[in-house]
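Trainee: The sequence and its predicted three-dimensional model are supplied below.
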Amino acid sequence: MLVADDSLRSRAARAVVLFHQRRQLRHAILAALDLEPERLALAERVGAVPVDVAARLAQMAVAELTEDRGADVVIEAVGHPSAFESAIDVVRRGGRVAVVGMYTSESVSVPLGIWWAR
């Protein structure tokens, strides 16, 4: 997931590059989920698998890439409740979600019982 405004885009690009370098060490898959074609193209240029979430269900795309396991780590960098919910949907059981997106007034209902069981 990449950020939505120009001031933060370079931070997202750096994150993609850093994860790409780490991926080379671990032979991991790096997927970038986004709605914007420009950000998906940027992610692809630095080695990520672009997933257009307007055209594909994020959970199905990540399941396909990870042999139905889910993502080990998800970085939510958008700062929107729907992006957070997508992050929770695509992370594997026992995986990690890092939230670096800026939330100002939104609230997210958290079904802890369901998430705890994952």
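Mentor: Looks like it arrived, so ask away. All values reported here derive from a predicted model rather than from experimental measurement.
Trainee: contacts, neighbours, all on C-alpha from now
Mentor: OK.
Trainee: Where do the strands of the protein begin and end?
Mentor: Using DSSP state E, the strands of the chain run over 31-34, 49-52, 71-76, 91-99.
Trainee: Can you add mean pLDDT and give those back as a markdown table?
Mentor: As requested, those are arranged in a markdown table below (pLDDT from 0 to 100):
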| stretch | mean pLDDT |
| --- | --- |
| strand 31-34 | 89 |
| strand 49-52 | 91 |
| strand 71-76 | 89 |
| strand 91-99 | 88 |
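Trainee: okay if I get those as a markdown table plus distance to residue 85 and mean neighbour count?
Mentor: Formatted as a markdown table, the strands of the chain follow (distance: least, C-alpha to C-alpha, whole Å; neighbours: other C-alpha atoms under 10 Å):
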| stretch | distance to residue 85 | mean neighbour count |
| --- | --- | --- |
| strand 31-34 | 13 | 24 |
| strand 49-52 | 16 | 20 |
| strand 71-76 | 9 | 21 |
| strand 91-99 | 10 | 16 |
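Trainee: okay if I get these as CSV plus distance to residue 41?
Mentor: Listed next are the strands of the chain as CSV, based on distance: least, C-alpha to C-alpha, whole Å:
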stretch, distance to residue 41
strand 31-34, 10
strand 49-52, 7
strand 71-76, 18
strand 91-99, 23
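Trainee: any idea how far stretch 79-87 is from the chain center?
Mentor: 9 Å (C-alpha atoms, centre = their mean, to the nearest Å).
Trainee: ok, now stretch 49-62?
Mentor: 10 Å.
Trainee: Buried residues in that stretch, which are they?
Mentor: 49-53, 58-59, 61-62 (16 or more other C-alpha atoms under 10 Å).
Trainee: Run through the residues that contact the residue nearest to residue 36 when sequence neighbours are not counted.
Mentor: Excluding its sequence neighbours, the residue lying closest to residue 36 (C-alpha to C-alpha, 6 or more residues apart in numbering) is residue 52, at 7.6 Å. For residue 52, the contacting residues are 33-37, 40, by C-alpha atoms under 8 Å, 6 or more residues apart in numbering.
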